[in-house]
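**Student:** My questions are about this predicted structure, shown below with the sequence.
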Amino acid sequence: MDPNQGSNGSNQVNNKEEDVDISQLFLVIGKGISQLVNALIHMVRTIFHWILTFLLYIRLNLKKMILAALIGGSLGAIYQYGLKDVQYESSMTVEPNFGSSVQLYKNAEFYLNLIKQEDFSRLASALGISEEGAKSISWIEVEPYMNENDVILSYKNFVSELDSNSVKLVDFKSFSKKQPVESFKYHIITITAKDKFIFQKLEKPIISSVNTNEYYAKVKSTTYDNLISKKVALENSMNELDSLRNLYKKVLLAESSKENSGTNIFMSETGNTTKEVDVFDKYMVMNEELIDVNIKLTSEKEVVNVVSGFNSVGMKVNYWYRNFAVIGFIAGFSLMFLLIGFRRLDKELMAYKKSV
C-alpha cells in the first residue's frame, strides 16, 4: 500500500472534521443571533403593549381625572387669590472679602431657623426691626452667583497652586461639582416677605452682622495697612525711577551736544538708551502693581461689599410652580389617577384570589 494514499486519506478525514466543526459553530452563532433578535422583538412588543394599555387607561378615565384636576385647581385658586397672603421678594448681591462668606451663610441659616421656629422676637432683635416686621418675613436664603467663566477662573486659580501630579487627580468636571459655595466671588441674598417695603430696612443689619465680626475686622485692618505700605513703597520707587530716567535724558542730551562725533559717542548713546528702556520697563511694571493695589484698596475697604442692594419696593412673587392653582390642578389629576389605579389593582387581586 502506498504510504502517500494513507496520509491523503487521513488529511481528508481531518478536513471533513474541521468543516463539520465550523458548520456547527456557525449554527450555534446563528441560533444565538436569532434568539437575541427574538428577545429584542419581544421586549419592544411588551413595551409597546404597556404603552397602549396605559393610554387606554388614561382614555377611559380621562373625564374623571380632568374633573378632579379642575376641582383641585379651583380650591387652589381660592386659597391663592382669596386666603393666602400676598408675598413679595427682593434680592441683594454682595461681594464678601477675607473668607467672610462663611459667616454670611451661617447668619442666613440662623435667620431662617428663627423664621421656621416662629421666634420673631429674637429675629426682630437680630435684624434691628420691629416684631411686626419680623413676622412678615417668610423666607431668607443665600446662594452663589455662578456662571461658567467664574468656575473656570476658580479652577485656574486652584490648579495654579498644585503640583503636576496633584493636577492629574482633579479634573474640571469634578472640581465644578464639588466646588464649595464659599469660593464664589458674588453671592445673592433673597428675602421673601409680606411687607413689600421692609427690604431696605434689612440691608444694613445683614451686612453689619458680618462686618462687625472681630476676626474679619482684624484681617481687614491688617490687609489695609499692608496695602498702604506697599502703595507708599511703590510710589517712592517710581519717583526714584522717574528721577533716574530724567538723569539719563540729560546725559544723552549732553553727549549729543558735544562737538566730537564718532564711534565712542555712538556707543555711549546706545548704552544710555538701553538703560533708559530698562528703567522705563521697571517703571511700567511698578505702575501695574500700583493699579492693582489701588483696586484692592477700593474692593477690600469693607468686609462685605454691596454690589446691588435690595429694591425699595419688593416684587410680587408670581412663579407658576408656587401658584396653588397650578399645584391643586396637578395634585387633583394625580390623586384621581392613583385612586383609579388602586381600585383597578384591587379588582385584579380579588379576581386572581377567586381563580386560585
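**Tutor:** Everything's here; your move.
**Student:** what residue ranges in the stretch 1-150 of the chain are flagged as low confidence?
**Tutor:** By pLDDT under 70, the low-scoring segments of the stretch 1-150 of the chain are 1-21.
**Student:** Contacts only, for Val142.
**Tutor:** Remark: with contacts taken as Cβ atoms under 8 Å, 6 or more residues apart in numbering, Val142 is in contact with Leu104, Tyr105, Ala108, His187, Ile188, Ile189, Thr190. Just so you know, the C-beta spots here come from the backbone N, C-alpha and C atoms, and that holds for glycine as well.
**Student:** That one - nearest residue in space that isn't next to it in sequence?
**Tutor:** Once flanking residues are discounted, Val142 sits nearest to Ala108: 4.4 Å by Cβ to Cβ, 6 or more residues apart in numbering.
**Student:** tell me which element the one you found falls in.
**Tutor:** Secondary-structure assignment from DSSP states H and E places Ala108 in helix 101-116.
**Student:** Tell me the helices and strands packed up against that helix.
**Tutor:** Counting contacts by 3 or more Cβ pairs under 8 Å, 6 or more residues apart in numbering; DSSP states H and E, helix 101-116 packs against helix 120-127, strand 137-144, strand 187-193, helix 199-211.
**Student:** In it, which residues are buried?
**Tutor:** Counting neighbours by 16 or more other Cβ atoms under 10 Å, one finds that the buried residues in helix 101-116 are Ser101, Gln103, Leu104, Tyr105, Asn107, Ala108, Tyr111, Leu112, Leu114, Ile115.
**Student:** Closest one to Glu95 out of those residues, please.
**Tutor:** The nearest member of these to Glu95, counting by Cβ to Cβ, is Ser101 at 9.2 Å.
**Student:** And for Gly328, nearest residue in space, chain neighbours not counted?
**Tutor:** Nearest residue to Gly328, sequence neighbours excluded (Cβ to Cβ, 6+ apart): Gly76, at 2.5 Å.
**Student:** before we move on, which element is that neighbour in?
**Tutor:** Using DSSP H and E, the element containing Gly76 is helix 3-78.
**Student:** Please state the offset of that helix from the chain centre?
**Tutor:** The gap between the average C-alpha position of helix 3-78 and the chain average comes to 42 Å, counting by Cα atoms, centre = their mean, to the nearest Å.
**Student:** And for the helix or strand just after it, what's in contact with it?
**Tutor:** Reading on from helix 3-78 to the C-terminus, the next helix or strand found by DSSP H and E is strand 88-96. Residues from elsewhere that reach strand 88-96 (Cβ under 8 Å, 6+ apart): 104, 145, 185-196, 199, 203, 206-207, 210, 299, 303-311, 313-317.
**Student:** what do you get if the cut-off is 7 Å, keeping everything else the same?
**Tutor:** Around strand 88-96, the neighbours that count as contacts under Cβ atoms under 7 Å, 6 or more residues apart in numbering are 104, 145, 185-193, 196, 199, 203, 304-311, 314-317.
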